[in-house]
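# When you get a sec, could you give me coordinates for this:
(chains A and B)
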Amino acid sequence: MSEAAATFTEDRQRLELAALSAPAVIFTVAMIAFPVVYTVWLGLHSFSSTGKQSFVGLANYSRLLADTEFWHGLWVTIALYVLSLVLQLVFGVWLALVLFHAKRLPGIVRSLFISPFMMPPVVAGMMWLVILDPSLGAANYILQSLGLPPSEWLASPVWVIPTVALIDTWQWTPYVALIVLGGLQSLPPSVYEAAQIDGASAFKTFQRITLPLLLPTIVTATILRSVDLLRFFDIIYITTQGGPGNASNTLNIYGFRVGFEFFNIGYASALMLTLTAIVFGAVLAFNRLRGAVAW
Amino acid sequence: MKAKAFAARLALALVAAGNAASVACAADFDWKKFQGKTVTFLANNNPVAQALLTHKADFEKLTGITLKVDAYQEQQMRQRLVTVMNARSDEVDVFMSLPSREGPQFAAAGWYADLTPMTKGAVAGDYDYAGLGRALLKAGTFDGKLTSMPMNIEGPILYYRTDILKKCGVEPPATIKDIEPAAKKLKACDTNITPFVSRGLKPAIAYTFSNMLHNIGGNYIANGKSNLCSAKGKEALETYSGLLRDYGPPGVVNYSFQQISALYRSGRAAMSFESSNELRTVMDGGERLKDTALVPFPAGEAGQVPTAIGWGMAVSAHSKQPEAAWYFVQWATSPEIQKRMALQGIAPPRSAVANDPAYRRWIEEEPVRKQWQAALDVLAAKGSSEVGYPIVANPESREFIGQAVQDLILKQKTVDQACADADKALDVLIAQK
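The predicted structure follows:
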């Protein structure tokens, strides 16, 4: 076959491949792009509570900057994010180390350790709502049995964020642990053998070898949890609906209520796009960090 | 004289002709007219819809219409409805609606089909439109258009423990002013009992608070402005929040009907101000059946102005088959079905059903049911459907009422600050068209 004929055949094959995959590609792009474009369009319009719409340009975004509830929601979102993420990373790494070193741990115990994140968040929320009920819940019963004062948990404006963070930590720590466990299992044994020969203590080995080598894995877990935590919704909605007052009113809860309870879809879209931008920003920042700590 | 007699005969003839036409219309009525069609019903998965849908097969058998049910929890149902209606989709033919909450908003948005001509057209002979509660029909009428047919009547009532009150030497409160001293005495008498519980969850507060405000003699709007900072408004805010703060359960700011009923049913509350709909839940297991009494909320300076609302069935303005949809609405709100639902514990919006012998027998079986019906009779006779501000943005107005009450429960503001902040935000909502 001449070179020209071979090139022709390759081009034809390429065209055929493109033609065959085009419908799937177009469908996928449309499925991703349409909701985003539609939300952008909604965010540029105002919808009165009776459903009448009018183009308002960037007015929804300027309203957002002057909206104290937005800034409060942003603060709550960030506070909950930071607290939950730190707790989940610390306990996740610890749980992963336990599971990694406890080779003889029966499978059933391992499954029990990682089971919370398999539970639907709505079920987890309902379960914790009952446990933490200040009057009827088991949590206060245990506290009082130990001679400790009862807490108002989710009903206290002071304690609601730490309590929600604890519920999320209970549920998602095993997920972080599984990711970290995967990272631990891929670490080169030769480094540990060298450390052992040099007489490094267990703590030094962890501090100087395990942790630095695990950093890319931890950053990956951070990215995955960041996306979820910044969009945190289900457990808060089930347990507090943003209360008491507006103490747990995250941006996501606020946007949902503006859109679906007060029917202001335009402003809700602007809120949600702003939250999406924050999520993207966080992911990009952590992606850069991942590049920096890669080995 | 002759002219008068002629006029009288003519009037008689016209009335007779009208009656004949009506009888003919009822006689012509054919339940099978829309056989083979499918009607989609967006339902709130609450006890009202659950009771109704136990008879779904009977509707399908009677009409030959297939009933497709989309049932969600209340908030998710509204979420779905908003999406469907904004898209002007005909996916939903019939939906459940609370006129006291979203009525003005949905009516202004044009989401409800006008049922007025339907109630005068294709109506079965035994429908008895006139037998439906006038106040509930009025609550579902906006700009002269009837937007929904009442399914039930409900409102907050006071459940109290006769045994605990007797043990502590407390008389059942006859007026609002009696509640606080009674709660104080109960608290001193038995520290394990919550003296008084009602709704403290922000969006849920307006349902019970409105009853107290109206009994005290307050109103939400005066001269086109929010009126929470009036003397009566502040009295209602302080009384309601004070009762919950000083005599309510810990964590009451997260309490809605589920938590309230659970607390009362478990025997840990002496007085509970909660929906009449919760009777079944509260009495479940039978422990509270013999030690509970029910009354409408005690009177204030304005007497008793109980909150009385009801779920309604509406036909979507975007339905492509409103007549078939109306057949379902008509069947679901007919005397026969409402009688069956009444025996399942759903308070009927028809006095004829409330007086039905079978229903009366069910009521007479337990003293607590008799008291429940007596309280509902008061609700039907004196009730107001105003829950939150009577404006298009009613759902949002409930947020600010709830916020003001929570600010006081949590002692985050003084009553003057709380009502002023609420009035400021509510004035903006009132001004919205």
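# which stretches of chain A have low pLDDT?
Counting by pLDDT under 70, the ranges of chain A that qualify are A:1, A:49-51, A:295.
# Contact residues of chain A facing chain B?
Chain A comes close to chain B at residues A:47-52, A:133-136, A:150, A:152-157, A:239-246, A:260-263, A:265, as judged by C-beta under 8 Å from any C-beta of the partner chain. Every residue, glycine included, has its C-beta placed from N, CA and C.
# Narrow those to just the buried residues.
A:47-51, A:133-136, A:150, A:152-157, A:239-246, A:260-263, A:265 (16 or more other C-beta atoms under 10 Å in any protein chain shown).
# among those, which are in helices?
Members of these lying in helices (criterion: DSSP state H): A:Thr239, A:Ile265.
# Nearest to chain B within the stretch 101-250 of chain A, name that residue for me.
A:Ala155 (3.1 Å; C-beta to the nearest C-beta).
# quick one: contacts for that residue?
By C-beta atoms under 8 Å, 6 or more residues apart in numbering or on different chains, the residues touching A:Ala155 are A:Pro134, A:Pro244, B:Pro250, B:Gly251, B:Val252, B:Val253, B:Asn254.
# Could you check how far the nearest residue to the second one once chain neighbours are set aside is from A:Gly137?
Right, the one you point to is A:Pro244. Among residues not flanking A:Pro244 along the chain, B:Val253 sits closest, at 3.9 Å (C-beta to C-beta, 6 or more residues apart in numbering or on different chains). Distance of B:Val253 to A:Gly137, computed by C-beta to C-beta, to the nearest Å: 15 Å.
# Same question for B:Val69.
As judged by C-beta to C-beta, B:Val69 and A:Gly137 stand 35 Å apart.
# Counting neighbours, go ahead and name the busier of the two.
More crowded of B:Val69 and A:Gly137, by other C-beta atoms under 10 Å in any protein chain shown: A:Gly137, with 20 against 15.
# Which residue, neighbours along the chain excluded, lies closest to the spatially most central residue of chain A?
By C-alpha atoms, centre = their mean, chain A has its centre lying nearest to A:Asp228, at 1.8 Å. Setting aside the residues directly before and after it, A:Asp228 is nearest to A:Trp172 in space (C-beta to C-beta, 6+ apart), at 7.4 Å.
# count of residues packed around the one you found?
Here the count is done by other C-beta under 10 Å, and A:Trp172 has 25 residues near it.
# Return the set of buried residues in the helix or strand containing it.
Per DSSP states H and E, A:Trp172 falls inside helix A:160-185. By 16+ other C-beta under 10 Å, the buried positions in helix A:160-185 come out as A:160-181, A:183-184.
# Likewise for stretch B:329-339?
Buried residues in stretch B:329-339 (16+ other C-beta under 10 Å): B:Val329, B:Gln330, B:Trp331, B:Ala332, B:Thr333, B:Ser334, B:Pro335, B:Ile337, B:Gln338, B:Lys339.
# ok, of the residues you listed, which one's closest to chain A?
Using C-beta to the nearest C-beta, the buried residues of stretch B:329-339 come closest to chain A at B:Val329, 22.7 Å.
# Let's verify B:Met294: helix, strand, or coil?
In this structure residue B:294 is Leu, not Met. Classification of B:Leu294 using DSSP: H, G, I helix; E, B strand; the rest coil returns strand.
# State the number of residues packed around the closest residue to it other than its chain neighbours.
Of all residues not flanking B:Leu294 in the chain, B:Gln371 sits nearest, at 4.2 Å (C-beta to C-beta, 6+ apart). Residues lying near B:Gln371 (other C-beta under 10 Å) number 19.
# by contact count, what packs against the helix or strand harbouring A:Asp11?
Here A:Asp11, judged by DSSP H and E, is contained in helix A:3-43. Packing partners of helix A:3-43 (3 or more C-beta pairs under 8 Å, 6 or more residues apart in numbering or on different chains; DSSP states H and E): helix A:265-293.
# ok, and for stretch B:183-194, which residues are buried?
Residues B:Ala183, B:Lys185, B:Leu186, B:Lys187, B:Cys189, B:Ile193, B:Thr194 are the ones in stretch B:183-194 that count as buried (16+ other C-beta under 10 Å).
# Please look at the third one and B:Leu165 and confirm they touch.
Yes - counting by C-beta atoms under 8 Å, B:Leu186 does reach B:Leu165; the two are 7.5 Å apart.
# Now the common contact residues for these two.
What both B:Leu186 and B:Leu165 touch, as defined by C-beta under 8 Å, 6+ apart, is the set B:Ala270.
# quick one on the thing from earlier: please give me every residue in contact with the residue nearest to A:Asp228.
Listed by C-beta under 8 Å, 6+ apart, the contact set of A:Trp172 reads A:Ser84, A:Gln88, A:Pro116, A:Phe117, A:Arg225, A:Asp228.
# and if you look at B:Ala236?
Contacts of B:Ala236 (C-beta under 8 Å, 6+ apart): B:Phe209, B:Met212, B:Leu213, B:Ile216, B:Gly218.
# domain parsing for the chain?
Answering for chain A, as no chain was given. Domain ranges of chain A: A:3-43, A:64-293, per automatic domain parsing.
# meant chain B actually
If you go by automatic domain parsing, chain B breaks into B:8-153+B:309-367, B:156-308+B:368-431.
# Is the first one positioned near chain A?
Yes - contact check for domain B:8-153+B:309-367 against chain A, using C-beta under 8 Å from any C-beta: residues in range are B:Gln75, B:Arg78, B:Gln79, B:Val82, B:Met85, B:Asn86, B:Gln105, B:Ala108, B:Ala109, B:Gly110, B:Trp111.
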